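In: Okay, sequence plus prediction incoming.
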Amino acid sequence: MKRYNVIAVYDAAEKRILMCQRTKEPFKGKLNFVGGKIEPGETDEEAAYRELFEETGISKDAIILTHVMDFRYFLSDKELEVYSGKLKKNVLLTEEINPLLWVDRTENFCDMSRFAGECNIEHILQQVDYYKCKTLK
């Protein structure tokens with residue numbers, strides 16, 4: 001099974017979400033969470049912090065990540081782990097490949113003309129909001 005992660009990063013005020021604009025398929029040109037492939041031999045948490053740092057420059061000392069949920073796609077043999085966290089301090093973002101931008105939490109993340117994931121992004125954010133006391137430390 002191929003394993004991936006995505007990370008919902010909130011700004012310190014919990015008003016904006018960090019997104020990347022995908023430069024390749026799937027969902028080329030659309031906004032998505034940052035994340036990537038879980039490599040063999042690393043823990044799930046190590047993979048989440050590594051991908052976050054590689055794609056954004058956000059280090060472990062700037063955020064506490066919480067494992068929120070997983071999605072398993074049996075027909076495509078994929079698993080997607082979902083993490084969330086709130087920045088503890090201001091950071092200078094460093095783009096790896098995909099352009100980064102902050103998106104207001106009030107956006108319609110089910111707008112499939114702008115956002116990847118067939119409304120999964122909104123579902124994830126609703127879960128993070130619902131369990132805010134546990135997911136945004």
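Out: Nice, I can see it. In this text the structure is predicted, and so the values were computed from the model without any measurement.

In: List the buried residues of the strand or helix carrying Asp129.
Out: Assigned by DSSP states H and E, Asp129 falls within helix 120-130. Buried positions in helix 120-130, judged by neighbour count with 16 or more other CB atoms under 10 Å: 120-125, 127-128. The C-beta positions use only the backbone N, C-alpha and C, and glycine is treated the same way.

In: max-length helix in this structure?
Out: Scanning the chain for the longest helix, with DSSP state H as the assignment, gives helix 44-56.

In: tell me how far that one is from the chain's mean position?
Out: From the chain centre to the centre of helix 44-56 is a distance of 10 Å (CA atoms, centre = their mean, to the nearest Å).

In: As CSV, could you dump the C-alpha coordinates of that helix?
Out: Presented in CSV, the C-alpha positions along helix 44-56 are these (Å, rounded to 0.1, in the frame of the first residue of the first chain):
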residue,chain,number,x,y,z
ASP,A,44,4.3,8.4,10.5
GLU,A,45,5.0,11.4,12.7
GLU,A,46,8.6,11.7,11.4
ALA,A,47,7.2,11.6,7.8
ALA,A,48,4.7,14.4,8.6
TYR,A,49,7.3,16.7,10.1
ARG,A,50,9.8,15.9,7.3
GLU,A,51,7.3,16.6,4.5
LEU,A,52,6.1,19.8,6.3
PHE,A,53,9.7,21.1,6.6
GLU,A,54,10.7,20.1,3.0
GLU,A,55,7.6,21.7,1.4
THR,A,56,7.3,24.8,3.6
